[in-house]
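I'll drop the sequence and a predicted model, then ask my questions.
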Amino acid sequence: MALRAARSVRAVACSLRSASASTARCPPRPWRLGAGAVRTLRTGPALLSVRKFTEKHEWVTTENGVGTVGISNFAQEALGDVVYCSLPEVGTKLNKQDEFGALESVKAASELYSPLSGEYSLRSGEQCISKIRISTMG
């Protein structure tokens with residue numbers, strides 16, 4: 001028990017790199033994986049199909065033939081507080097990569113580009129989220 005406590009104190013001293021411990025040599029810590037232990041990272045279509053991102057920081061999710069479009073966290077942080085949102089009229093036909101709206105914030109203004117081709121079917125100006133009906137044009 002005393003040996004275990006001494007090891008944990010030394011490990012804490014080495015990890016904190018305190019002034020007194022900085023002169024002491026800290027041994028490398030070996031990985032403690034048991035025999036047959038496997039560590040995996042899952043990245044697959046099921047995980048990545050939830051949200052698809054564009055190069056212009058928009059994202060799209062689809063459910064029952066309707067796509068929900070939004071902006072990435074990076075774009076939200078870059079813009080800051082949005083003060084104005086311009087969206088098209090319901091029924092407007094959209095082509096992929098066409099400008100369909102704009103966001104204005106205290107910091108900057110940015111255009112919104114359609115990640116899909118389709119028809120604009122619903123708008124929520126309060127949250128500035130747009131939904132478009134996905135067509136087979138892709």
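Right, received. Where do you want to start?

Strands of the chain, start to end?
Taking DSSP state E as the test, the strands found in the chain are 52-53, 58-63, 66-71, 82-86, 93-94, 99-105, 109-113, 118-124, 129-134.

Including mean pLDDT and mean neighbour count, could the ones you listed go into JSON lines?
For glycine as for every other residue, the C-beta is placed from the backbone atoms N, C-alpha and C. Compiled in JSON lines, those are given as follows (pLDDT from 0 to 100; neighbours: other C-beta atoms under 10 Å):
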{"stretch": "strand 52-53", "mean pLDDT": "84", "mean neighbour count": "14"}
{"stretch": "strand 58-63", "mean pLDDT": "83", "mean neighbour count": "15"}
{"stretch": "strand 66-71", "mean pLDDT": "81", "mean neighbour count": "18"}
{"stretch": "strand 82-86", "mean pLDDT": "81", "mean neighbour count": "14"}
{"stretch": "strand 93-94", "mean pLDDT": "90", "mean neighbour count": "18"}
{"stretch": "strand 99-105", "mean pLDDT": "87", "mean neighbour count": "16"}
{"stretch": "strand 109-113", "mean pLDDT": "89", "mean neighbour count": "17"}
{"stretch": "strand 118-124", "mean pLDDT": "74", "mean neighbour count": "16"}
{"stretch": "strand 129-134", "mean pLDDT": "34", "mean neighbour count": "19"}
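
How is this protein partitioned into domains?
1-26, 50-134 (automatic domain parsing).

Please tell me I have it right and Q97 contacts Y113.
Yes: at 5.7 Å, Q97 counts as touching Y113 under the criterion of C-beta atoms under 8 Å.

Fine by me, thanks again.
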